[in-house]
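Asks: sharing a sequence plus its predicted fold:
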Amino acid sequence: MLSTAASLKTSSAFPEIKEEKPLKNIKIVVDAGHGGKEIGSIGCLRNEEKDINLSIAKFLEKELKSRGADVIMTRRHDDYVDLYDRVELTNEKDAMIFLSIHANALPDTMNPLENTGTSIYYYYPQAKALADAIMKNMNEQLPFANDKVRKGSLAVVRNTNALSVLIEVAYLINPEDNAKLLDKDIQKDSAKAIADGLEEFMKN
């Protein structure tokens, strides 16, 4: 498998980045984490992570398309999709960007009240600037704390050829975060902040 940098350099259809519309014709995979039999975490209000992930992912799809991006969804319904099928789809489509949407959780031994906010994971150093730009915009626009950009050896960000990040929008097991994650306006705002961060990254 090519490294992220090598993949982008050898792409046969590398798009021209335009200042006024930097996402135009950029191929982006939006990955709603979990789905089907894989519920993900369960919030303190008993809602399931897979549903929140899909809702935010659909708002993000709409936001990115409105900015001219070519968006590919790993799932549109409550379906189970294997992690490596998500990776394979991204690589087969020769996507430039991969965005995986999640809501965070903690082991039972940790206090959910002490952890709150957005965290973003990357693996390859080329993707850190993308994670930083998205975090900056999410932190400025959303009612969530900054729970840091982190390097993580996660299957979907480690094995994709695209520039890849996994976004934990907030902690589903934190009562305040959980309530906000269920708010459709905040879900829409999350999608906008992610898209704004991606645009900022592309311009730079």
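Replies: That came through, no problem. If you're wondering where the values come from, they're calculated on a predicted model, not measured in any experiment.

Asks: residue 121 falls within a helix, correct?
Replies: No - looking at residue 121 with DSSP: H, G, I helix; E, B strand; the rest coil, it is strand, so not inside a helix.

Asks: and the pLDDT for it?
Replies: Looking at residue 121, its pLDDT stands at 98.

Asks: just the one 4 residues further on next, same as before
Replies: Listed pLDDT for residue 125 reads 97.

Asks: so where do the strands sit in this protein?
Replies: Taking DSSP state E to define them, one finds strands in the chain at 27-32, 70-73, 97-104, 118-122, 146-151, 163-171.

Asks: longest helix in this structure, please.
Replies: Longest helix in the chain, counting residues (DSSP state H): helix 184-203.

Asks: where does the prediction get shaky in the protein?
Replies: Filtered on pLDDT under 70, the chain yields the residue ranges 1-14.

Asks: for the longest helix of the chain, C-alpha coordinates in CSV please.
Replies: The C-alpha trace of helix 184-203 is given here as CSV (Å, rounded to 0.1, in the frame of the first residue of the first chain):
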residue,chain,number,x,y,z
LYS,A,184,-30.1,18.5,15.4
ASP,A,185,-28.9,22.1,15.2
ILE,A,186,-25.6,21.2,16.9
GLN,A,187,-25.3,18.2,14.6
LYS,A,188,-25.7,20.6,11.6
ASP,A,189,-23.2,23.0,13.2
SER,A,190,-20.8,20.2,13.7
ALA,A,191,-21.0,19.3,10.0
LYS,A,192,-20.4,23.0,9.0
ALA,A,193,-17.4,23.3,11.4
ILE,A,194,-15.8,20.1,9.9
ALA,A,195,-16.3,21.4,6.4
ASP,A,196,-14.9,24.9,7.3
GLY,A,197,-11.9,23.2,8.8
LEU,A,198,-11.4,21.1,5.6
GLU,A,199,-11.7,24.2,3.5
GLU,A,200,-9.1,26.0,5.6
PHE,A,201,-6.7,23.1,5.3
MET,A,202,-7.2,23.0,1.5
LYS,A,203,-6.5,26.7,1.1
